[in-house]
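Asks: curious how this folds, go ahead:
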Amino acid sequence: MQRQSILAAVDLGSNSFRLQIARVEDDQLYMLDSLREPVRLAAGLKEDKRLSKESQQRALACLERFGERLRSVPRRAVRAVGTNALRVAKNAGEFLQQAEAALGFPIEVIAGREEARLIYLGVAQGLPQSDLKRLVMDIGGGSTEFIIGAGLEPLRLESLYMGCVSYSQRYFADGKIAKSNLKEAELAARNELQTIVSGFSAGHWDIALGSSGTARILCDILEQNGMSDAGITRDGLEHLRGLMLKAGDAAKLDLAGLKSDRVPVLAGGFAIMYAAFCELGIERMQPALGALREGVLYDLLGRFHDRDMRNVTVQQFARRYHVDMQQAQRVAQFAGALASGFLGEQATEDVLRLLGWLSTLHEIGISVAHSGYHKHTAYILANADMPGFSRREQAQLSLLAMAHRGGLEKMRDQIDTIEKIALVMALRLAVLFYRNRSEINLPEMRGQIDDKRFRLSLAPGWLAQNPLTDTALQEEAKQWKILGVTMQVVEG
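Replies: I've put the predicted structure just below:
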């Protein structure tokens with residue numbers, strides 16, 4: 001992969017949208033520019049879990065401004081990720097089409113644990129090397145991520161559905177802070193935390209770190225108002241809790257370090273932080289410099305330096321599901337060659353990489369059951385935690401896995417582009433030709449595509465010597481005809 005001198009990350013958080021641009025020097029990133037806007041996308045989630053028009057308009061206007069800043073940056077050097085609000089919004093799909101047009105770059109919606117992995121990567125890159133186990137807590141607008149890691153390696157990852165925007169809306173919608181609603185918010189957060197206490201409580205880590213806005217603003221408030229000598233402390237939070245109850249409204253708090261744009265989400269973020277200190281036995285937490293956007297940048301850097309986390313995940317899955325790697329490699333090599341012939345210049349590095357991952361993993365469903373294994377493969381690829389992969393990439397892999405075997409009637413209206421048709425056909429043919437799961441002398445082949453007409457040319461006489469494959473190819477042509485695709489196999 002061609003290396004880049006400039007990389008950019010766009011974080012479409014549930015509270016704020018952020019843009020970070022960095023210069024690449026060897027294996028290091030040097031931050032050049034950053035933009036932040038408090039879009040509060042999660043505040044626009046209505047009871048029906050649909051984003052309001054107002055919140056969408058705020059988001060699109062912000063992304064247009066970000067897009068202007070990114071106009072000179074190559075497409076492959078930019079990675080934009082969406083988090084919890086876009087994970088839960090029922091109209092996220094239609095919004096993302098407009099958002100990508102406004103930004104000028106594709107946007108990935110990442111799973112909670114993938115968000116946690118990237119947060120830890122961003123935090124760890126800004127810390128000195130150490131053997132200490134670190135607890136990293138990141139309170140976002142709609143979710144809170146917890147990670148235990150050592151060095152650059154995350155060991156445990158969790159994402160809980162609670163955030164400073166969602167909790168502020170739910171428990172402090174009018175801005176009022178009373179004993180009743182503060183306690184209710186804290187108890188709700190403590191209840192969520194019960195699911196992870198056994199693995200994340202004190203004793204499982206040596207130092208606690210808080211990343212992103214809530215942790216940093218709480219740290220600033222406690223330090224600048226003499227409630228803490230350093231970082232966020234249990235005693236400092238108790239002191240601040242008393243001041244919040246006395247004021248009765250976050251807007252009435254007169255505290256150094258409290259920025260105006262954080263006032264509407266302060267109470268919700270505080271309740272989550274206070275609950276975490278209580279449930280996990282935290283006494284002191286230091287603010288971390290890095291966060292999700294830095295993690296996205298370093299993960300993107302890894303892709304350009306042949307350290308793509310997606311390759312690591314594919315290899316891990318291959319081991320976990322006991323993939324026959326010799327067969328996978330045979331299928332991958334042949335499918336790649338066919339796809340390159342079918343697509344010509346459209347066979348980009350990204351397209352062929354996707355096909356290579358799928359070729360490696362297309363049989364993981366056999367570990368569940370051989371009958372209908374492609375369905376099991378598709379389910380695993382769609383629903384498993386796959387570090388490095390976005391939800392869209394997992395959906396693509398799942399769709400192609402479902403289509404690579406069996407009848408194609410089930411894929412009507414889903415295999416709807418020439419690229420998808422070519423990839424599915426390449427993988428189906430590769431599996432067909434290597435059905436006996438051994439090295440065979442295949443004939444020279446040439447694949448061509450013209451609209452929805454595919455032509456596969458074989459060496460003369462080969463089909464007559466391989467009647468089983470000849471019959472299978474005739475049946476394959478019938479399956480494609482169901483989708484309105486002509487597949488012609490000729491000799492010569």
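Asks: break this structure down into its domains, please.
Replies: What automatic domain parsing lists as the domains of the chain is 6-110+294-303, 127-288, 308-441.
Asks: the last one: end-to-end distance?
Replies: Counting by C-alpha to C-alpha, to the nearest Å, the length from the leading to the trailing residue of domain 308-441 is 33 Å.
Asks: tell me the mean pLDDT for that domain?
Replies: Mean pLDDT, domain 308-441: 91.
Asks: from the chain's centre, how far out does that domain sit?
Replies: 20 Å (C-alpha atoms, centre = their mean, to the nearest Å).
Asks: likewise for the first one?
Replies: The chain centroid and the centroid of domain 6-110+294-303 are separated by 12 Å under C-alpha atoms, centre = their mean.
Asks: kindly report the same for stretch 465-481.
Replies: Between the centre of stretch 465-481 and the centre of its chain there are 39 Å (C-alpha atoms, centre = their mean).
Asks: got a list of contacts for it?
Replies: Identification of contacts with stretch 465-481 by C-beta atoms under 8 Å, 6 or more residues apart in numbering yields 407-408, 425, 428-429, 432-433, 435, 454, 456, 463-464, 486-489. Using the backbone N, CA and C atoms, a C-beta is placed for each residue, glycine as well.
Asks: rebuild the domains of the chain as CSV, extending it with mean neighbour count and distance to residue 119.
Replies: Formatted as CSV, the domains of the chain follow (neighbours: other C-beta atoms under 10 Å; distance: least, C-beta to C-beta, whole Å):
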stretch, mean neighbour count, distance to residue 119
domain 6-110+294-303, 19, 6
domain 127-288, 19, 5
domain 308-441, 18, 13
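Asks: got those domains as TSV, with distance to residue 118 columns?
Replies: As requested, these are exported to TSV (distance: least, C-beta to C-beta, whole Å):
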stretch	distance to residue 118
domain 6-110+294-303	3
domain 127-288	9
domain 308-441	9
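Asks: before we move on, which element is residue 101 in?
Replies: In this assignment (DSSP states H and E), residue 101 forms part of helix 92-103.
Asks: in the stretch 1-150 of the chain, which spans are helices?
Replies: Applying DSSP state H, counting those that start in this stretch to the stretch 1-150 of the chain gives helices spanning 53-69, 84-88, 92-103, 112-125.
Asks: low-confidence ranges, the chain, go.
Replies: 1-3 (pLDDT under 70).
Asks: what segments of it are strands?
Replies: Using DSSP state E, the strands of the chain run over 6-12, 17-25, 28-37, 78-82, 107-109, 133-139, 144-150, 153-160, 207-211, 232-233, 284-287, 445-450, 453-458, 486-491.
Asks: so residue 269 sits against residue 167, correct?
Replies: Yes. At 7.4 Å, residue 269 counts as touching residue 167 under the criterion of C-beta atoms under 8 Å.
Asks: residue 390 versus the residue most central in space within the chain, what's the distance?
Replies: Of all residues in the chain, the one closest to the mean position by C-alpha atoms, centre = their mean is residue 110, 2.5 Å from it. Applying C-beta to C-beta, to the nearest Å, the value for residue 110 to residue 390 is 6 Å.
Asks: give the residues shared as contacts by the two.
Replies: What both residue 110 and residue 390 touch, as defined by C-beta under 8 Å, 6+ apart, is the set residue 81.
Asks: which secondary structure elements does the helix holding residue 101 contact?
Replies: Packing partners of helix 92-103 (3 or more C-beta pairs under 8 Å, 6 or more residues apart in numbering; DSSP states H and E): helix 53-69, strand 78-82, helix 84-88, strand 107-109.
Asks: pipe these into a markdown table and attach distance to residue 186 per row.
Replies: A markdown table is the format used below for the helices and strands packed on helix 92-103 (distance: least, C-beta to C-beta, whole Å):
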| stretch | distance to residue 186 |
| --- | --- |
| helix 53-69 | 27 |
| strand 78-82 | 29 |
| helix 84-88 | 20 |
| strand 107-109 | 30 |
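Asks: of all those, which lies closest to residue 396?
Replies: Residue 396 sits nearest to strand 107-109 of all those, at 11.4 Å, using C-beta to C-beta.
Asks: partners of the closest one, with directions?
Replies: strand 78-82 (parallel) (DSSP bridges).
Asks: surely residue 176 and residue 252 touch.
Replies: No. Between residue 176 and residue 252 there is no contact under C-beta under 8 Å: 9.9 Å.
Asks: dump the strands of the chain into JSON lines; add distance to residue 421 as well.
Replies: JSON lines is the format used below for these (distance: least, C-beta to C-beta, whole Å):
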{"stretch": "strand 6-12", "distance to residue 421": "32"}
{"stretch": "strand 17-25", "distance to residue 421": "36"}
{"stretch": "strand 28-37", "distance to residue 421": "39"}
{"stretch": "strand 78-82", "distance to residue 421": "28"}
{"stretch": "strand 107-109", "distance to residue 421": "24"}
{"stretch": "strand 133-139", "distance to residue 421": "41"}
{"stretch": "strand 144-150", "distance to residue 421": "39"}
{"stretch": "strand 153-160", "distance to residue 421": "36"}
{"stretch": "strand 207-211", "distance to residue 421": "44"}
{"stretch": "strand 232-233", "distance to residue 421": "55"}
{"stretch": "strand 284-287", "distance to residue 421": "51"}
{"stretch": "strand 445-450", "distance to residue 421": "8"}
{"stretch": "strand 453-458", "distance to residue 421": "8"}
{"stretch": "strand 486-491", "distance to residue 421": "10"}
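Asks: residue 336 is nearest to which of the ones you listed?
Replies: strand 445-450 (11.6 Å).
Asks: for the closest one, which positions count as buried?
Replies: 445, 447, 449 (16 or more other C-beta atoms under 10 Å).
Asks: nearest residue to residue 129 in space, please, no chain neighbours.
Replies: residue 151 (6.6 Å; C-beta to C-beta, 6 or more residues apart in numbering).
Asks: next one: residue 448
Replies: residue 455 (4.6 Å).
Asks: tell me how far the one you found lies from residue 341.
Replies: Note on residue 455: its distance to residue 341, by C-beta to C-beta, is 10 Å.
Asks: intersection of neighbour lists for those two?
Replies: Common contact partners of residue 455 and residue 341 (C-beta under 8 Å, 6+ apart): 447, 448.
Asks: related to what we said a few turns ago, can you add distance to residue 402 and give the helices of the stretch 1-150 of the chain back as TSV?
Replies: What follows is the helices of the stretch 1-150 of the chain, written out as TSV (distance: least, C-beta to C-beta, whole Å):
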stretch	distance to residue 402
helix 53-69	32
helix 84-88	23
helix 92-103	19
helix 112-125	22
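Asks: of all these, which lies closest to residue 297?
Replies: The nearest among the helices of the stretch 1-150 of the chain, by C-beta to C-beta, is helix 112-125 at 7.6 Å.
Asks: what packs against the closest one?
Replies: helix 84-88, strand 133-139, strand 144-150, strand 153-160, strand 207-211, helix 292-304.
Asks: rerun at 7 Å
Replies: Under the contact criterion of 3 or more C-beta pairs under 7 Å, 6 or more residues apart in numbering; DSSP states H and E, helix 112-125 touches strand 133-139, strand 144-150, strand 153-160, strand 207-211, helix 292-304.
Asks: how much space between residue 5 and residue 74?
Replies: For residue 5 relative to residue 74 (C-beta to C-beta), the value is 10 Å.
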